[in-house]
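Asker: okay, predicted coordinates and the sequence, questions at the end:
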Amino acid sequence: MKGKLLISQPFMIDDTFKRSVILITEHDEEGTVGFILNKPVQLEIQSLFEAFPNFKARIGYGGPVGNDTIHYIHNVGELLSESQSVFDDLSWSGNFEELQTLIGEGAVLADNILFFIGYSGWSPGQLDDELKSGSWIVSETSAEHILAGNFETLWKEVLKPLGDNFEVISEIPDSASYN
């Protein structure tokens, strides 16, 4: 599961995860951690960290767990100690002080990183149960797709390649009143 996308089923009604795309960054016997990739938050990173370098960061709502925490996924794991690999050229976390220095020096750009408030988490076996009940579709992805993804269209973008039925479903408006 690590490095895979979870795509919410088209008719999921849970407001937190409705039309969500989640990148799984950890999956082991202790549980699963991931970040919702398509729920933007309209905040400046400097409003969260006063001493943060001037930086136009993209910030998303990572999930309902730990909403007092900040996390990040990036493609600069080779520059940032304590980064944890998700797959080939995508990592999460890392030394925050080093990250600020790298941003200040221009070695990390806005296209290299996504920040998240909170995360999505599942206890051992919980995600497996949700997969068996059909709540999620599992899909492959790439670092380029994640970091260049458009928050507003990502759910549609990842559904379309899954076949004709999903392509049609991806075009259904979010609100039934638009049908």
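Answerer: Cool, got the structure.
Asker: contacts, neighbours, all on C-alpha from now
Answerer: Fine.
Asker: which SSE is immediately downstream of the helix of greatest length in the chain?
Answerer: Scanning the chain for the helix with the most residues, using DSSP state H, yields helix 96-105. Downstream of helix 96-105, the next assigned helix or strand under DSSP states H and E is strand 113-122.
Asker: so what's residue 70 up against?
Answerer: With contact set as CA atoms under 8 Å, 6 or more residues apart in numbering, residue 70 has these partners: 115-118.
Asker: pairing partners for it in the sheet, please.
Answerer: For residue 70, the beta-bridge partners under DSSP bridges are residue 117.
Asker: before we move on, what about residue 113?
Answerer: residue 74.
Asker: give me the pLDDT value at it.
Answerer: On pLDDT, residue 113 comes in at 96.
Asker: my guess is it contacts residue 74. True?
Answerer: Yes. The pair residue 113 / residue 74 is scored as a contact, 4.2 Å apart, by CA atoms under 8 Å.
Asker: what is in contact with those two at once?
Answerer: With CA under 8 Å, 6+ apart, residue 113 and residue 74 have common neighbours residue 147.
Asker: more crowded one of the two?
Answerer: Each of residue 113 and residue 74 has its neighbours counted (other CA atoms under 10 Å); residue 74 has more, 27 against 21.
Asker: how close does the more buried one sit to residue 93?
Answerer: According to CA to CA, to the nearest Å, residue 74 and residue 93 sit 8 Å apart.
Asker: and what of residue 45?
Answerer: As defined by CA to CA, residue 45 lies at a distance of 16 Å from residue 93.
Asker: selecting buried members of the contacts of residue 70 in PyMOL, what would you type?
Answerer: Buried residues among these (16 or more other CA atoms under 10 Å), as a PyMOL selection:
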select buried, resi 115+116+117+118
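Asker: how about TSV for the contacts of residue 70, with distance to residue 70 added?
Answerer: Shown next, in TSV, are those (distance: CA to CA, whole Å):
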residue	distance to residue 70
115	7
116	6
117	5
118	6
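Asker: closest to residue 27 among the contacts of residue 70?
Answerer: Residue 27 has its nearest neighbour among the contacts of residue 70 in residue 118, at 17.0 Å by CA to CA.
Asker: quick one: low-confidence parts of this structure?
Answerer: Counting by pLDDT under 70, the chain has low-confidence residues at 175-179.
Asker: mind doing that once more with 80?
Answerer: Flagging of the chain using pLDDT under 80 yields the residue ranges 149, 164-167, 169-179.
Asker: which residues in it form helices?
Answerer: With DSSP H as the criterion, the chain has helices at 45-48, 96-105, 126-132, 143-148, 154-159, 164-170.
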